[in-house]
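# Quick one, what's the 3D model for this:
(chains A and B)
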Number of protein chains: 2
Amino acid sequence: MEPQGTRLDPWIDAYAQRTQGLTASQVRALFAVASRPEVVSLAGGMPYVSALPLDALADTVAQLVRDRGAQALQYGSGQGDVTLREQILDVMAPVGVRAHPDDIVVTAGSQMALDLVVRVFCDPGDVVLVEAPTYVTALGVFSSYQCQVVHVPMDGEGMRADALREAIAALRAQGRTPKLIYTIPSFHNPAGVTQGSQRRAEVLEVARSTGILLLEDDPYGLLGFDGEVPRAIRADEADGVVYLGTFSKTIAAGLRIGWAVAPHGVREKLVLANETATLCPSNFAQLTISSYLATQPWFEQVKVFREVYRERRDALLESLESLMPPGTTWTVPAGGFYSWVTLPAGLDATAMLPRAVAALVAYVPGTGFYAPGAGGEHELRLSYCYPEPDRIREGVRRLAGVIETEVELAATFGSPTSAPVRSGPTAPTPDLA
Amino acid sequence: MEPQGTRLDPWIDAYAQRTQGLTASQVRALFAVASRPEVVSLAGGMPYVSALPLDALADTVAQLVRDRGAQALQYGSGQGDVTLREQILDVMAPVGVRAHPDDIVVTAGSQMALDLVVRVFCDPGDVVLVEAPTYVTALGVFSSYQCQVVHVPMDGEGMRADALREAIAALRAQGRTPKLIYTIPSFHNPAGVTQGSQRRAEVLEVARSTGILLLEDDPYGLLGFDGEVPRAIRADEADGVVYLGTFSKTIAAGLRIGWAVAPHGVREKLVLANETATLCPSNFAQLTISSYLATQPWFEQVKVFREVYRERRDALLESLESLMPPGTTWTVPAGGFYSWVTLPAGLDATAMLPRAVAALVAYVPGTGFYAPGAGGEHELRLSYCYPEPDRIREGVRRLAGVIETEVELAATFGSPTSAPVRSGPTAPTPDLA
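Alright, predicted model coming up:
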């Protein structure tokens, strides 16, 4: 063991200002905890890749390396493999996105695409409008580029268009310029809600009329449980929307391949930024996906995933319904991986987490999905994507016990925090019906 | 065809200031040209991956997907797979780097590691000291983070330590703070030179005494042709050096897996930045490499690569020696992929390129390896890594013809540029002996 003193960081004064926004997310800190087998983790967003046809995938990649190894193992284009970009058009057809292969930039996961869009658009201090709550690592990107995040309230259909318009007007009245509207319209992470077609049209109209670029993040669009695929906002607006897609949930997250669909000028910038950041996306992963799409019934596999996640969603919702104490509310996701839970009045999700982990269940506290100080104290995210249904039921049972104990403690000794008491015990919260 | 008018970029006023440094590199523009089969490309730095044992690699990855698919296809740690990090210690043993697996951050290629180091350290306007010339896409990274690049002259042993010390003193006298010293000590890209052990000690001493972090980029360290492996600077200094490594040249570039070895505090920042940029490096690529290292004679394969590249280097040097007109000089690489050529007095490498391509040979003009306006007009990079030896000889024959014609034109009509005449016809340049 090194003495503690050597751990002092001699470079502490040399770091860039942007590192002040680089802090360990709660999701990250939970990985270690959640990996213990006795804990039911309702925390992570890991897709259930064991549902994949592993033998077929093994054959596909082996044949790829044998037949086209010299290409698969070589550097490729900074924009991504052209055949894969053509196939991505087919993958986007169900959400209604029509484009040219040249409009697509393939990246090392859609996280990298998100990073590059912000890199291309946002100077320090620029404002980004996001849902309340929003995707935790999108907040990480905005923070690392020193953006100001402004949350827009949601309701049961996601981002409220009227609130978005008001937020933009208020910002402009202060002389501030929003650069991006970041939204996850389908099966929202973490809120579990989905914008209907009318809401999408309203949000798009706000973006158009204010001249602000809409950044549409759509990792879950094909994973609706009733089989209907929400039409992407990008399907109705090509010049004012950058659309982000990924193979992480329809094939495999470990391949780290996503993409952006962007208007011509933006796309050119994204390709250059992509080359600067990574030279090019992995040909090995791209051609593996391309071969899989060409030889396997990929959309049938998406239906398998839907059925897996629908069964788990049902297990979660049935358990919540039968076990949660009064005053706890949650969203009812029609697809995707997550439900968003609001705790009974006075309970703090972050303070409760250690007690939940002691009871062998894990979740992600709500504050991680908001800019610092902007909310989430009484909320938490539950993921049903990874554990088997019986484990989910057991996890909810444990969590319900923890919440019950917390409610009793709060009733006896008062709230553990000074947070304001929220709306009544059984009504949904105003933001997340 | 769309009318030209629709190509005007409506977002032109919305881009971040950093995009002003995002311009298409000459290397990129050359990809389209170099891919035509009739052109001998001495331009790109593509490793010769066809020398890999493709059947064994195919079997390795197929077995990986069958046996450990649920791990290989899943999200992983933001720091990288722990087994692979242990194996990276073995891969670095020949260059003398000793570290703990916790000191390593695995990234989507070492390009991503370079991007993250600059992200973590450099505010706009911060100074980075680099060799003259230096790696083209490192310049792209520094530009995209709005760094000021200051070139340090080289000689036949790379970056001059005396010039480095003078440059730092001059900057500090102006009140400017250099954040990083970026160096490629072994088999330099593009200069083809290598720092001896004495030079490395001197450069390190400058970094230590001035308190500036040394960023050591070492993609080619194992590819020395005499079998001797230069000792990395990081081998003699753990706290003041960030070392970048990659599997792109020892296994395959298409896997896009590299790494950084960094002091404790820096490493923590890099992991967070890595998670923000990409969530995690690809488990699929990482575990493929890990399985390959565990089951294949990877160092024997490195020796195969060395022999392939040595033969090609010899073909290049012999052709240059016998064919180049007087006044052309070049470096003699002892490893790696590149030789750096200085043209006869008055010739401009960028202006000559279209004529070279018309003669069916391609190279990279020197200006791309300098900050804008900082040099390289009379220099160019030749790569011998990818074409077969006979093609290299044919390429040099074509290039020699182009240079001869240019020399004759310059003698008859005067220099096509107003550049100052360089040193005598057979002497090496002062910077790159």
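
# Residues of the stretch 251-400 of chain A that sit close to chain B?
Within the stretch 251-400 of chain A, the positions near chain B by Cβ under 8 Å from any Cβ of the partner chain are A:252-256, A:263-266, A:269, A:272-273, A:275-285, A:288. To be clear about C-beta, it is placed using only N, CA and C from the backbone, and glycine gets the same treatment.

# let's see it at 7 Å
Near chain B, the residues belonging to the stretch 251-400 of chain A are A:252-256, A:263-266, A:269, A:272-273, A:275-279, A:282-285 when assessed by Cβ under 7 Å from any Cβ of the partner chain.

# May I ask you to confirm that A:Asp81 is in contact with A:Gln286?
Yes: counting by Cβ atoms under 7 Å, A:Asp81 touches A:Gln286, with 4.6 Å between them.

# what about A:Lys67, helix or strand, and which?
Quick fix: residue A:67 reads Asp, not Lys. Assigned by DSSP states H and E, A:Asp67 falls within helix A:54-72.

# and that helix, how far from the chain's centre?
Its chain's average C-alpha position is 30 Å from that of helix A:54-72, according to Cα atoms, centre = their mean, to the nearest Å.

# Would you map out the domains in chain A?
A:13-51+A:301-413, A:54-295 (automatic domain parsing).

# of all these, which lies closest to B:Asp126?
Proximity to B:Asp126 (Cβ to Cβ) singles out domain A:13-51+A:301-413 among the domains of chain A, at 7.5 Å.

# Let's test this: mean pLDDT of that closest one, rounded?
Averaged across domain A:13-51+A:301-413, pLDDT comes to 93.

# Kindly check the end-to-end length of that domain for me.
End-to-end distance for domain A:13-51+A:301-413, by Cα to Cα, to the nearest Å: 45 Å.

# With stretch A:323-342 instead?
End-to-end distance for stretch A:323-342: 15 Å, by Cα to Cα.

# returning to what we had before: next, show the common contact partners of A:Asp81 and A:Gln286.
Residues touching both A:Asp81 and A:Gln286 by Cβ atoms under 7 Å, 6 or more residues apart in numbering or on different chains: A:Val106.

# ok so, going back, so is the helix holding A:Asp67 next to chain B?
Yes: judged by Cβ under 7 Å from any Cβ, helix A:54-72 comes into contact with chain B at A:54-55, A:57-59, A:61-62, A:65-66, A:69-70, A:72.

# from these, which would you call buried?
A:54, A:57-59, A:61-62, A:65, A:69-70, A:72 (16 or more other Cβ atoms under 10 Å in any protein chain shown).

# Next, count neighbours for the nearest residue to A:Arg165 once chain neighbours are set aside.
Residue nearest to A:Arg165 in three dimensions, not counting chain neighbours: A:Val206, with 4.9 Å by Cβ to Cβ, 6 or more residues apart in numbering or on different chains. Using other Cβ atoms under 10 Å in any protein chain shown, the number of residues around A:Val206 comes to 22.

# Check which helices and strands the longest strand seen in chain A sits against.
In chain A, with assignment by DSSP state E, the single longest strand is strand A:148-155. Secondary-structure packing of strand A:148-155 (3 or more Cβ pairs under 7 Å, 6 or more residues apart in numbering or on different chains; DSSP states H and E): strand A:127-132, helix A:161-173.

# Apply 8 Å and report the result again.
Counting by 3 or more Cβ pairs under 8 Å, 6 or more residues apart in numbering or on different chains; DSSP states H and E, the packing neighbours recorded for strand A:148-155 are strand A:127-132, helix A:136-144, helix A:161-173.

# Could you name the helices and strands sitting against the first one?
It refers to strand A:127-132. With contacts defined as 3+ Cβ pairs under 8 Å, 6+ apart, strand A:127-132 has these neighbours: helix A:136-144, strand A:148-155, helix A:161-173, strand A:178-183.

# so where do the strands sit in the stretch 1-150 of chain A?
Along the stretch 1-150 of chain A, counting by DSSP state E, counting those that start in this stretch, strands occupy A:40-41, A:104-107, A:127-132, A:148-155.

# Please identify the deepest-packed of those strands.
Stretch with highest mean neighbour count among the strands of the stretch 1-150 of chain A: strand A:104-107 (a mean of 29; mean count of other Cβ atoms under 10 Å in any protein chain shown).

# Any chance of a markdown table for the helices and strands packed on strand A:127-132, columns mean pLDDT and distance to A:Val95?
Below are these laid out as a markdown table (pLDDT from 0 to 100; distance: least, Cβ to Cβ, whole Å):
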| stretch | mean pLDDT | distance to A:Val95 |
| --- | --- | --- |
| helix A:136-144 | 96 | 20 |
| strand A:148-155 | 98 | 21 |
| helix A:161-173 | 98 | 20 |
| strand A:178-183 | 98 | 14 |
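
# any idea which of the ones you listed is most buried?
Taking mean count of other Cβ under 10 Å, strand A:178-183 is the most buried of the helices and strands packed on strand A:127-132, at a mean of 26.

# Please see if it touches chain B.
Yes: using Cβ under 8 Å from any Cβ, strand A:178-183 reaches chain B at A:Lys179.

# Could you list the alpha-carbon positions for the helix or strand following that strand in CSV?
Heading C-terminal from strand A:178-183, the first helix or strand you meet, by DSSP H and E, is helix A:197-210. Provided in CSV are the C-alpha atoms of helix A:197-210 (Å, rounded to 0.1, in the frame of the first residue of the first chain):
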residue,chain,number,x,y,z
SER,A,197,-48.1,12.5,-32.2
GLN,A,198,-49.9,15.7,-31.2
ARG,A,199,-47.3,16.5,-28.6
ARG,A,200,-44.5,15.8,-31.0
ALA,A,201,-46.0,18.2,-33.5
GLU,A,202,-46.3,20.9,-30.8
VAL,A,203,-42.7,20.4,-29.6
LEU,A,204,-41.5,20.5,-33.2
GLU,A,205,-43.6,23.7,-33.9
VAL,A,206,-41.8,25.4,-30.9
ALA,A,207,-38.4,24.4,-32.2
ARG,A,208,-39.3,25.6,-35.7
SER,A,209,-40.8,28.9,-34.7
THR,A,210,-38.0,29.7,-32.3
